[in-house]
Structures are given as structure tokens and as C-alpha cells.
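Enquirer: just need the structure, nothing else, for what follows:
(chains A and B)
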Amino acid sequence: MLFRIAVFALLGSAAAWAGQSALCEPAANIRAELEKATLPIASAEAFEQNIAPLQALRSRNPGDLFVHERYQDAVQQYGIEGHLRQLTDEYQALTLEHPGELMYGYLFARSMVGRNTPSAIERLHEILAKNPDFAPAHGLLAEIYGSEAFRDSAKEQIEQEKFLSACPGSRLTRRPAPLPDSSPLIERAEQLLAQNGDPDTTAAMALEGLRADEWRLQRIRPHDWYSVEFKRKSQHQLQAEYWRAWSLQVRCYRKAHKEEKAAELLALMDRRVNLLPRSDPNYPEALAILARLHAEDGQARSPSTR
Amino acid sequence: MSILVVLSLSLSAGVACAQSDPGPRSGAPGAGNPIAGLTAGQAAFFTDGQARFNSTHGVPDGLGPTFNGDSCGLCHSQPAEGGTSPTPNPQVALAKSHGAANTVPSFVAINGPVREVRFKWQLNPDGSPNRRRPDGGVHDLYTIQGRDDGGSCIMSQPNFAAAVDSHNASFRIPTPLFGAGLIENISEQTILDNAAANAAAKLALGILGFPNRSGNDGTITRFGWKAQNKSLLLFAGEAYNVEMGVTNEMFPNERANPPASCLLNPTPEDVTGGDSNDANSLSDSDITAFAFFMRFLDQPSPAPSTTSTTNGAAKFSAVGCALCHTPSLTTNTTIVDALTGVQANLFSDLLVHSMGDGLADGVSQGAAGPEQFRTAPLWGLGQRLYFLHDGRTNDLMQAIQAHRSEDSEANRVIRNFNQLSVKDQQDILNFLRSL
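Expert: Residues are numbered from 1 along each chain as shown, chains lettered A, B, ... in the order given. A predicted model of the protein is given here:
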């Protein structure tokens, strides 16, 4: 009798362990497919192309937790505000289609991480109140509590221990992912112009730099990982780059003998500086840029000031 | 007198005295200033609102994904900030501004008015108009695709050529905003009393008119070409979202169902308290600031009277124009002293009238049907460049004649006008250009 109880206990725990194991790591075939699907195939800003393989994988494996998680991570990595909004809507719809199903409830909460993280935390705790052994929720909470914005070392340790006891050897992810560096292209374009580079190439390079940094700002603005002050500072930094890029463009137009376009852009810059509040950190530099551009044009007038 | 002499005298009289629009009044703008008597605080609201009104927006500021202009002042600037369509038309350059990939539609010309376009009917899947399903909404001219701050947004412009070809497009030009605060503070009773005044004369001339009303509280609405908007705040919020794509606390959702790749900002993009509803910031939302700017804009100042304009004013009343274009209404008591008890010389009864099929635009708003429009205020007309709701003409004479068409309430008045002598008609034109 005791032997039977012991056997049953062993089988039971093995089954439980097997179940938990399925929540700790993807199956081998899924792992292989995930590795193939998550290689970026285009530039970081090309969201549709980068997300397509994971969308396809998700269609083939709609019940696989790890496929969903990787899909969500890719949207967060490559997407902008609209994509992130769509992600949350998508997973909310899935919870309505699969009411009471743990996986979808968890994934919906997960889709809010970094967007409305306090809500995500609340939902994860609700899930764990009913499913205390659900390792993925513990892991995600450990990651959240380990982030700078939501740091709570005591809670992080508790969740980490619970996760690792269920999934020994599994790894947690640092949140948020590191931000990409600011684009070097505007600086390179300035150097190219100084070296008498082709004006069209130089202007295109500056524009590419702006696009890259706009996309970088999209890694910051929609997320609650970052403070309002950090977001504001990043915005001002990007705006400073706009002034540099416009200045480059004006010089490139002049070099390419496109005086009318140069004058048009310069007039736009003149109007814009007049609308900047004096307290704007970019205001002095914008004025200085305009003064230089006007001086280079050989004109006596200086930008109008309020 | 010989026949030849008589004929030549008649001919020369006809050529020398043919009535014609003297054109926009030159000189300093007679508008764009704050109303007299504002307190220091109110003046500060005006100045802040004016600056934001003229602020050029980029995508990070909330512009798009679709838009007709990138600042309020782009469209509302003739003859001064808060006015109507300027020239040359800034929408032409805007199409490609910041690298955008837009095509300028056929109805937007460098020497034409700033325009928005509405579709009369919703579209079938094949793009043809479905005449059982009214639309009436604004379909913005441009998208942010290709702009240097537009990310990877891919979003096409609507097929305007097809809309024009299928007579599904109707146009509107910006309404001037001068004196808007005075309009906002004219009491309902004043409007209704004026509507009831001169009943016999109105009946004889076929003039009816009725107020448009809010579907929410039943009160009289008064802003916009069809008097469809209730208040300046609502007007500002709607325009900010519709014309520039900036979602706000009044209108918090992006329009035109844009693809996810074109949604670059959290919404609403204009909020109280600056970034993220920061409770420590005391800044108003942009739409609140716009409302203050419009509210405190003074009415336009007319030119000094002359013998011609004095006669023109008299004839304007005599033929019946003033029965709809009421010369003045007085504002109510308000919390703003500068707006209290002011004679607003707006030349409008603020009522909606049937203007016939010649001016019909196929759009209903509130109680105003497809051929019904608010009596356009004529203050400031002297310095306007384009007339009527769609800016179809820059000639005042043509604008007057356009009031006449089948089923228009203005038919008999225009007949009276046409029966005036050439000199009297010219005096009316001179009078209108003095406003």
C-alpha cells in the first residue's frame, strides 16, 4: 500500500514536473522554428517583413505559449505605437474567444507589459492567486520587478525563486531591452559635406539618420519603462537633430544649385524658430543655425525674433 | 439730340458704370487683434492661444496620419491670424513638405482657396458612391507617408479624382474666426427674437430660416458653415482632429481607420497638463488655448464710411439682404466683461436657410440639410479673397448671384438686387467691401 502511494506520488510529481517543464522551455521542434523565424530579415524599421515569419509560425502553432511570447516580443522590438496598440487588442480578443483559459489570460497581461505595466502586474497576481504554480507568470513578474522603472528587489527575489524552482536552468530576460544607439548618420553626413561629398547622397544620409532616430524614439515614447523626463529629453534630442539635418539639407541644396529649395526650407526654418518657446532647449541652437545659414547665403538679414 | 449721340452716351454710360467687385480692401488688416478690455490674465490666454494656433505641427506633435493642414494658421490667416483662406494656397507646398509623397488633388490650386473635401456618399467596394448611405464627413487631403517624421507609415490618399468625377465631392473653405467669442455669447433669446422680427417682410420675400440645434441639449448651435457646432471648444477640438489629425480630449480617436504602421503616438495627442496628463503641469490643452484665442479675437473693423458705402448700406437693407444678414446683435452678460453687452456687427442672423440647388453641397449636419447653410457673417468680408462655402468665386458679384437658384430663400432678394440701378448695385458692392 505504501509502495503504491509512493509510486503514485512519484508518477504524479513526474507528471506535474513534465507539465511545468512544458511551461519552462519550448519543445525542440518549436525551438528550431523559433530560431529560424526570429532572424531579422530587413532593417529594424521594416516591421511587416520582420513580423511575418512569426505570424506564420503562430498560425501553425496557435496553442504554443512560446510562439505567442516570441511574437509579442517581436512586436515590442520592431513595432511602433499602432502595432503595440494592436497587440493588446489582439490578445484581449483572444481572451474573449477563450474565456477562462490560463494561457490567453497570461498572454493578454503580458501584452500590456511596458505599456501599462501596473495593470499587467495586477493581472499577473490575479492569475497566480488562482494558479500559484504557473511558472511563466512568476518569471515575468521577476523580470518586471527587476526593471529600473518598477524595481522591487524583495519581490523580484520571491518571484525569481518561485520561477527557478519550477524551471531550474531557465533564464530570465532583462526588461526593457537595451535601446538602440542614436544613429551616427547625421554626424557622418556632416563630415561628408565638409569633405565635399555629393550633396544628394549627403542629404539622403541625413534623412536616413532622422528616420532611424525617429524609430529609436518609438522604442521610448510608447513605453512606461521610461520616465516623462527621459521621454521629454529624448524628444528634445531628436528635435535638435532635426535642426542639424535641416541645416545640412539647406547646404546640400545650395551645393547642388537648388537655390529655390534651399530658400524654401530656410523660410520654413525661420517660421519654426519663431514658434519655439524661448524656454525650449533647442531655441538657442536653432537661432545660431539660422544665423549661420543666412550668413552663408551672404544676406544681411537675420532670422526674425519675437 | 441725334440718335448716334444718344447711343454713344448710353454705351459709354454702360461701359463706364458697369458694377464690379472693387476687390479685397488694401491696407492694414482690420482684424486679428484681441477684443478691447481684456484683463491681463485674459490677454495672456489670448497670446498663448495665438502662438499655439500658429504652431506648425509635425507627426510627433500629433499631425496625421491624415491632415489638411499642419497648423491652424496655415488655413486661417487672411487677412490676419484667425481669418480665412490666404493666397497663394499653402496646401500645395504642404503636399510634399518634409518629404511626404502626396499628390495635390485637382481642386486644390496655387491660386485657389484652401479647401477641405467631404464625400456626400459612402463608397461601394468598387469605389463608386453608394447613394443610399450618406457620408458627409471630411476626407483629408494628405497622409504622413514619406514624411521624414512619418516612420514607415504606408497610407494612400483617397481617390479624389473618382470622387470628383462621380460628383461625390463637396468642398468647404475655412470660416473666419474673428468675433467668434461674441457669437458664442449671443443669447438664444436674442437669436430667436431676431428670427421673429420683421416677420411680414420676411414672409413677403420667402425668407424662413431656423436655428440649428445641438442633439445633446437642444440648445442653438452656431459655428461652422451649417451652424453645426455648439461652442468654440467643440469647434477647436473637432477641427484639430479633423483638419490636422491631432487627437484630443474632445475627439480622442484617430480618424480614417489608419493602419498600425501609421499610428505613431499614444492618444489623445493633445491633453491637459502637457505630457502624460502631468498633474504638476498647469498647462491647458491646445484646444482650450485655441478656444481662448478665438473667444478673445475682436470683430473686424470696417473701413470709414463714404457716400457710396452709406448708400450701399441703405440699399442692402432695402432690398432685403439684411433680413438674413442681420447687421448686428448684442451679446449677453457673461463672466468676461469684455464680451458683455457688446454690439456684434456680424451681418448674420445665425440661422440656417435653404439656399437652393445651386449652392447645395449634399451634406447634412444637425438639422441643416444638404442645401441649407448658416447665414455667413459678412464682417471682415472686405478683406476676404474667396466666397461661399466652397470658395468657388473670388468675385463678390458672382457670389451674390449664386444666392439665386431653384428653391433658394434668397431668390426674391436677389431679384430686388438685380432690379437696382447699376450705381446702387455698385454702392452695395462697395459697402460690402468696406466691412
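Enquirer: point out where the stretch 201-306 of chain A drops to low pLDDT.
Expert: A:299-306 (pLDDT under 70).
Enquirer: which stretches in it count as helices?
Expert: Along the stretch 201-306 of chain A, the stretches classed as helices by DSSP state H, counting those that start in this stretch are A:228-255, A:259-275, A:283-296.
Enquirer: from the middle of its chain, how far away would the second one be?
Expert: Going back to what we said before, that points to helix A:259-275. 33 Å (CA atoms, centre = their mean, to the nearest Å).
Enquirer: what about that helix and chain B, any contact?
Expert: Yes: if you take CB under 8 Å from any CB of the partner chain as the test, helix A:259-275 does meet chain B, through A:E264, A:L268, A:R271, A:R272, A:L275. The C-beta positions use only the backbone N, C-alpha and C, and glycine is treated the same way.
Enquirer: tilt between that helix and helix A:283-296?
Expert: 150 degrees (axes from the mean of the first three to the mean of the last three CA atoms, to 10 degrees).
Enquirer: check the longest one too.
Expert: Here helix A:228-255 points in a direction 0 degrees away from that of helix A:283-296 (the same axes, to 10 degrees).
Enquirer: name the helices or strands packed onto helix A:228-255?
Expert: helix A:185-194, helix A:199-218, helix A:259-275, helix A:283-296 (3 or more CB pairs under 8 Å, 6 or more residues apart in numbering or on different chains; DSSP states H and E).
Enquirer: compute the inter-axis angle for it and helix A:185-194.
Expert: Using the same axes, to 10 degrees: helix A:228-255 against helix A:185-194 is 20 degrees.
Enquirer: show me which residues of helix A:228-255 are buried.
Expert: Neighbour counts over helix A:228-255 (16 or more other CB atoms under 10 Å in any protein chain shown) mark A:231-232, A:234-235, A:238-255 as buried.
Enquirer: next, the one residue in chain B that gets nearest to chain A: phi, psi?
Expert: Nearest residue of chain B to chain A (CB to the nearest CB) works out as B:L263 at 2.6 Å. Here is the backbone geometry of B:L263 (degrees, to the nearest 10): phi -100, psi 100.
Enquirer: check contacts around it.
Expert: A:I80, A:E81, A:G82, A:H83, A:R85, B:P65, B:E254 (CB atoms under 8 Å, 6 or more residues apart in numbering or on different chains).
Enquirer: which one among those gets closest to B:M397?
Expert: For the contacts of B:L263, the minimum distance to B:M397 (CB to CB) is 41.5 Å, reached by B:P65.
Enquirer: tell me, how many neighbours does the closest one end up with?
Expert: B:P65: 27 surrounding residues under other CB atoms under 10 Å in any protein chain shown.
Enquirer: list the contacts of it.
Expert: B:T143, B:I144, B:C153, B:M155, B:G245, B:E254, B:A256, B:P258, B:C262, B:L263.
Enquirer: including pLDDT, could those residues go into a markdown table?
Expert: Below are these laid out as a markdown table (pLDDT from 0 to 100):
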| residue | pLDDT |
| --- | --- |
| B:T143 | 97 |
| B:I144 | 96 |
| B:C153 | 91 |
| B:M155 | 95 |
| B:G245 | 98 |
| B:E254 | 95 |
| B:A256 | 86 |
| B:P258 | 94 |
| B:C262 | 93 |
| B:L263 | 93 |
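Enquirer: which ones among these map onto strands?
Expert: B:T143 (DSSP state E).
Enquirer: which of the contacts of B:P65 sits closest to B:L346?
Expert: So of these, ranked by how close each gets to B:L346 (CB to CB), first place is B:G245, at 30.8 Å.
Enquirer: which residue is the nearest non-sequential neighbour of the residue in the stretch 51-200 of chain A positioned nearest to chain B?
Expert: Among the residues of the stretch 51-200 of chain A, A:G82 lies nearest to chain B; the distance is 2.6 Å by CB to the nearest CB. Using CB to CB, 6 or more residues apart in numbering or on different chains and skipping the chain neighbours, the partner closest in space to A:G82 is B:L263 (2.6 Å).
Enquirer: any idea how far that neighbour is from A:F47?
Expert: For B:L263, the distance to A:F47 equals 12 Å [CB to CB, to the nearest Å].
Enquirer: joint contacts of those two?
Expert: A:I80, A:H83.
Enquirer: who in chain A is up against chain B?
Expert: Neighbours of chain B within chain A, by CB under 8 Å from any CB: A:45-48, A:79-83, A:85-86, A:207, A:210-211, A:214-215, A:217-218, A:221-222, A:228, A:231-232, A:235, A:238, A:242, A:245, A:264, A:268, A:271-272, A:275.
Enquirer: check contacts around residue 243.
Expert: Here I'm looking at chain A. A:M269, A:N282, A:E285, A:A286, A:I289.
Enquirer: other chain: chain B
Expert: By CB under 8 Å, 6+ apart, the neighbours of B:E243 are B:F67, B:N68, B:G69, B:C72, B:C75, B:E116, B:V138, B:D140.
Enquirer: in a markdown table, list these along with neighbour count.
Expert: Listed next are those as a markdown table, based on neighbours: other CB atoms under 10 Å in any protein chain shown:
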| residue | neighbour count |
| --- | --- |
| B:F67 | 24 |
| B:N68 | 24 |
| B:G69 | 25 |
| B:C72 | 28 |
| B:C75 | 28 |
| B:E116 | 22 |
| B:V138 | 21 |
| B:D140 | 22 |
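Enquirer: export these to CSV and tack on distance to B:F417, secondary structure and pLDDT?
Expert: Below are the contacts of B:E243 laid out as CSV (distance: CB to CB, whole Å; DSSP: H, G, I helix; E, B strand; the rest coil; pLDDT from 0 to 100):
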residue, distance to B:F417, secondary structure, pLDDT
B:F67, 40, strand, 98
B:N68, 34, coil, 98
B:G69, 35, coil, 97
B:C72, 35, helix, 97
B:C75, 31, helix, 96
B:E116, 30, strand, 97
B:V138, 33, strand, 97
B:D140, 38, coil, 98
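Enquirer: need the contact list for the residue most central in space within chain A.
Expert: Chain A has A:R219 as the residue nearest its centroid, 3.6 Å off, counting by CA atoms, centre = their mean. For A:R219, the contact set (CB under 8 Å, 6+ apart) comprises A:L179, A:P180.
Enquirer: for it, phi and psi?
Expert: Taking degrees, to the nearest 10 as the convention, A:R219 sits at phi -80, psi -20.
Enquirer: where along the stretch 301-435 of chain B do the helices fall?
Expert: Going by DSSP H, counting those that start in this stretch, the stretch 301-435 of chain B shows helices at B:307-318, B:396-401, B:411-418, B:422-432.
Enquirer: one step back: and the buried ones among the residues of chain A next to chain B, selectable in ChimeraX?
Expert: In ChimeraX, this line selects whichever of the residues of chain A next to chain B come out buried by 16+ other CB under 10 Å:
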select /A:45,47,79,80,81,82,83,85,86,207,210,211,214,215,217,218,221,222,231,232,235,238,242,245,268,271,272,275
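Enquirer: list the buried residues of the longest strand seen in chain B.
Expert: If you go by DSSP E, chain B has its longest strand at strand B:129-134. Within strand B:129-134, the residues that count as buried by 16+ other CB under 10 Å are B:P129, B:P134.
Enquirer: touching that strand from outside, list them.
Expert: Contacts for strand B:129-134 (CB under 8 Å, 6+ apart): B:F119, B:K120, B:W121, B:Q122, B:L123, B:N124, B:A163, B:S166, B:N168, B:S364.
Enquirer: correct me, but A:A109 touches A:H125?
Expert: No: A:A109 is not in contact with A:H125 according to CB atoms under 8 Å; the separation is 9.4 Å.
Enquirer: of those two, who's got more company?
Expert: A:A109 (24 against 12).
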